[in-house]
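Student: what follows is a predicted protein model with its sequence.
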Amino acid sequence: MSINPIEVRRCGVSGCTKPYCAKGYCRLHWERQHKTGTTDDPQPRQGAANSAWKGDSATYGAVHLRMSNRPRPAGCAECGTTEGRFEWALRADAPADGLLISPEGYKYSTDPDLYRNLCKPCHNKQDLGRAECHRGHRLAGDNLYIQPSNGKQFCRACQSMRQRERTMREQTVARSARFEHGESG
């Protein structure tokens, strides 16, 4: 005597092998049918159709995300190389009146035409050619630190400010930890 295994019902949508839940569908397709009236995979909403779209009031991070989703040209706009790492860089000739400034002090634009595809060395060269840091401090004399390993320029005033902020955060955390343990302080 042979025992027939119990046949598991499957979803009725072609290509779906998930187990049956209700109305002939798996859980995913049943919920999709119930909410939208169709079992078709919804298309992602892009641009103004997306509820999170901010248009010209997009943040620095949102603009970076938009640019990373754009198709890249075959090579660097400066030197033409097709090898190595590429980054979208704000054009050096971008009009200053149309630029936004992030809370960190970086200049950016919501206009994708103001960016160009540069290889990492050309992007660094463009950044090294600037006369001031992203917060507007002059990059010269005692305020300029050049990293010996790669020639990158750093603003000493910004570095001091970051160090002060880090120290204050650490002190605040230490004070709150002492307070939690009943110490005065």
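Tutor: Perfect, I can see it now. Numbers count the residues shown, from 1 in each chain.
Student: where is the longest helix in this structure?
Tutor: Counting by DSSP state H, the longest helix found in the chain is helix 156-180.
Student: give the buried residues for that helix.
Tutor: 157-158 (16 or more other Cβ atoms under 10 Å). Placement of C-beta: from N, CA and C, glycine included.
Student: in the helix or strand bottoming out on mean pLDDT in the chain, what counts as buried?
Tutor: Least confident element among the helices and strands of the chain, by mean pLDDT, DSSP states H and E: helix 120-128 (a mean of 78). Using 16+ other Cβ under 10 Å as the test for burial, helix 120-128 gives 122-124, 126.
Student: now do stretch 58-66
Tutor: Result for stretch 58-66 [16+ other Cβ under 10 Å]: buried residues 58, 60, 63-64, 66.
Student: could you save the buried residues of helix 120-128 as CSV and add columns showing distance to residue 158?
Tutor: Shown next, in CSV, are the buried residues of helix 120-128 (distance: Cβ to Cβ, whole Å):
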residue, distance to residue 158
122, 24
123, 19
124, 18
126, 19
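Student: which of the residues you listed lies closest to residue 32?
Tutor: Nearest to residue 32, judged by Cβ to Cβ, of these is residue 123 at 43.6 Å.
Student: what's near enough to touch that closest one?
Tutor: Neighbour list for residue 123: 87, 89 [criterion: Cβ atoms under 8 Å, 6 or more residues apart in numbering].
Student: can you rerun that using 10 Å?
Tutor: 76, 78, 85-90, 116-117 (Cβ atoms under 10 Å, 6 or more residues apart in numbering).
Student: so what's the residue count around residue 113?
Tutor: For residue 113, the tally of surrounding residues (other Cβ atoms under 10 Å) stands at 8.
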